[in-house]
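Q: fold the following for me, if possible:
(one chain, ligands or ions: 1)
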Amino acid sequence: VVGEAVPIEATVFKEGHDAVGATAVLVSPTGQVTRWPMTELSRGLARWGGSVVPDALGEWSFRVEGWFDPYATWHHDAVIKVEADVDTDLMLEMGARLLEQAATALGGEAPAKGQGGGKHAKELTDGPAADGRQLLIEAAAKMRNGALPAAERLAAGAGGEVFDLMRAKPLRLDVTKSATYHLVVQRERALVGSWYEVFPRSVGATFSPETGWVTGNFKTLAANLDRIAEMGFDVLYLTPIHPIGATNRKGRNNSLNARPTDPGSPYAIGTAEGGHDALHPDLGSFDDFDALVARSRLLGMEVAMDIALQCSPDHPWVKSHPEWFIQRPDGSIAYAENPPKKYQDIYPLSFDQDPDGLYLEILRIIRLWVSHGVTIFRVDNPHTKPLVFWERLIAQIAAESPDVIFLSEAFTRPPMMHTLALVGFQQSYTYFAWRNTKEEVCEYLEELAGEWGSFMRPSLWPTTHDILTPYMQQGGLAAHRIRAILAATGAPNYGIYTGYELVEDVARPGAEEAIDNEKYEYKIRDFNTPVAQELSALLTLLNRIKRQHVALRRLRNLTIHTTTDDSTICFSRHVPAEHSPDGKADTIVVLLNLDPHSVREGEVQFDLEALGLDPDQDSFEAYDLLSDQAFTWGETAFFRLDPNGQAGHVVHVR
Ligand code: Z3D
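A: I've put the predicted structure just below:
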């Protein structure tokens, strides 16, 4: 995303024993070229690395240049030889010539030869390039000055400012270049965000024995947005808002026999009144929807809507476009599945008979919602639709509405999840919810931040309306504290499903999802309980910390640190000053007890360099942003973490 440091690595070598160097070359969408230094990561493996920071949206590209470094080659030999007094004059003359060559390569204004020290001459020679040239030319002269001791002549060319300058602006010979690679740069929200998920019909719903259930709607949701916005969420995610079919409607707890009063699963899209381009009549009109989007924006939240490409048997397409479904020999259509889950209330779409017709209709639908202010789509089970379809759709929308973001809800084989990211999905759900032990969490965070991070932006959800893991079922309030902290800091994007604040942790027997699931009924929630207030306050604090610390708004800046306890993890995120929007380095350390059942204590051993500190430094100030406490930590620190009190620290390194 704009302003994000993008790590680039390359393998660079040449024949013989000469020193080589590498430079990353970044090309902007308008063709502007900038060069970024790379350093040798591993001498034995000839591996080089560096970062580039694109500063605008669009299609960038990059390549790597490998080159012969005559100065480093000379430096290596000269230090040894002059010390041993072998070929001293020869080595110093070679060095002097190199510095002169480097001075010419620096460019800048012509040197003010023979013009004395007048004002005009000063103007001509001003500027960093000219200063550098002056420095190198003077050094070359000193190296040739036989009246000085050899060590002093060598130091003039091999040390101090000259050495630094030759490192910063190396003389690059025999430059060769790699292939050119694409770099797609998107807006920050594609990487960074805090999502809050609701079922619009539940927010503001009421029940009384006399009236029965009265649905919530866009108006009651709009009237209830302040609580969510005050917690600092920046994306309001709505489960589907379209008409819900009656045929094979599901009832409470996934029952196949709905009662007449059951509202049905909002994922069973479509009735005679309309499909994916229509609003559920209970929820309100397009004007009400527009007002909800406007209110949400006013409160600082974008609206994300669900795109579930499937149909209730009552959906208009079933009649108008039978070619978008697969008919079995008896004329029936098989219901949809995502094994082991069965969706008896919906038909899957088939993209094979009329790919263009279906594509154009879905494009029309996406454009419709974009025209109503929707900027983010959470795409339901995208792995059950063709990759070429997504590639085409997302590219088209990106070309006309570059702000639009698609989140992939594909819980499937990693190659499919990765490929969905590669064909255009800006974000992806992850296996975060099922990674619970120290080993699992550390390994997964490293995978997400590592190589995967160059093409897949993860979103971490401790629970969803479909997911309530055994860990969350058994860990109670403590588990909810722990996983909120981990989700909010483990990646730049995370999401909370409403009710999390209330520790809704009872599962339907035999299923890893909440009992009395909101998918099949209305839910009224009272957030004025002590538990809800505590968790809301924690979420508020985490969202605020994320806003204030660029270190938590980046993905690939992760380092795991060693701890002695087998349930306590420690990781840091560091952004150096040169990659930070305000020019200040930022470092956050997260130290977290993952065991919701017991107090853990032990010692953490820091990789101080990864924290941006001097490895010889004895101590640093660790300011815990969760408890507003300052600690003095060193290369090691003691911790004691109580899941029923202070389960973890989110520390700002000062
Ligand atoms: C998930 C969806 C819900 C219910 C099912 C019901 C179905 C269709 C699922 C299909 C995909 C996605 C959604 N993971 O909630 O399933 O759980 O019982 O048959 O109505 O909707 O869209 O998050």
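
Q: doesn't residue 651 belong to a strand?
A: Yes: counting by DSSP: H, G, I helix; E, B strand; the rest coil, residue 651 is found in a strand.

Q: so who does it touch?
A: 588-591, 622-625, 631, 633 (C-beta atoms under 8 Å, 6 or more residues apart in numbering). Glycine gets a C-beta too; all of them are placed from N, C-alpha and C.

Q: which parts of the stretch 301-450 of the chain sit against the ligand?
A: Remark: the part of the stretch 301-450 of the chain in contact with the ligand comprises 308, 343, 345-346, 380-381, 409, using C-beta under 6 Å from any ligand atom.

Q: narrow those to those in strands?
A: The members of these that map onto strands under DSSP state E are 343, 380, 409.

Q: circling back to that earlier point, restrict the contacts of residue 651 to contacts with the ligand.
A: Counting by C-beta under 6 Å from any ligand atom, no member of those reaches the ligand.

Q: most neighbours, which of the ones in strands among the residues of the stretch 301-450 of the chain next to the ligand?
A: residue 409 (23 neighbours; other C-beta atoms under 10 Å).

Q: top of the contacts of residue 651 by neighbour count?
A: residue 589 (27 neighbours).

Q: now do the one helix or strand it maps to, average pLDDT.
A: If you go by DSSP states H and E, residue 589 is part of strand 586-593. Throughout strand 586-593, pLDDT has a mean value of 98.

Q: strand partners (parallel or antiparallel) of that strand?
A: Neighbouring strands of strand 586-593 in its sheet, by DSSP bridges, are strand 568-575 (antiparallel), strand 648-653 (antiparallel).

Q: as JSON lines, those strands with mean pLDDT and distance to the ligand would be great.
A: Listed next are the strands paired with strand 586-593 as JSON lines, based on pLDDT from 0 to 100; distance: least, C-beta to the nearest ligand atom, whole Å:
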{"stretch": "strand 568-575", "mean pLDDT": "98", "distance to the ligand": "29"}
{"stretch": "strand 648-653", "mean pLDDT": "98", "distance to the ligand": "29"}
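
Q: including distance to residue 96, could the ones you listed go into TSV?
A: Listed next are the strands paired with strand 586-593 as TSV, based on distance: least, C-beta to C-beta, whole Å:
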stretch	distance to residue 96
strand 568-575	41
strand 648-653	45
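
Q: out of those strands, which is closest to residue 227?
A: strand 648-653 (23.1 Å; C-beta to C-beta).

Q: quick one: which of the strands paired with strand 586-593 is nearest residue 519?
A: strand 648-653 (31.8 Å).

Q: can you pull out the strands in the stretch 251-400 of the chain?
A: 302-307, 310-311, 336-338, 341-343, 347-348, 376-380 (DSSP state E, counting those that start in this stretch).

Q: report the angle between the first one and strand 376-380.
A: Spelled out, it's strand 302-307. Here strand 302-307 runs at 30 degrees with respect to strand 376-380, directions being taken by axes from the mean of the first three to the mean of the last three C-alpha atoms, to 10 degrees.

Q: any chance you could list what contacts strand 302-307?
A: By C-beta under 8 Å, 6+ apart, the residues outside strand 302-307 that reach it are 189, 195, 234-241, 266-267, 276, 292-293, 296-297, 366, 369, 373-380, 405, 407.

Q: cool, and the fifth one?
A: Outside strand 347-348, the residues within contact range by C-beta under 8 Å, 6+ apart are 310-313, 315, 318, 325-326, 333-337, 384.

Q: for residue 366, which non-adjacent residue is closest in space?
A: Nearest residue to residue 366 in three dimensions, chain neighbours excluded: residue 397, at 5.9 Å (C-beta to C-beta, 6 or more residues apart in numbering).

Q: now the strands of the stretch 251-400 of the chain as TSV including mean pLDDT?
A: Listed next are those as TSV, based on pLDDT from 0 to 100:
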stretch	mean pLDDT
strand 302-307	98
strand 310-311	98
strand 336-338	93
strand 341-343	95
strand 347-348	98
strand 376-380	98
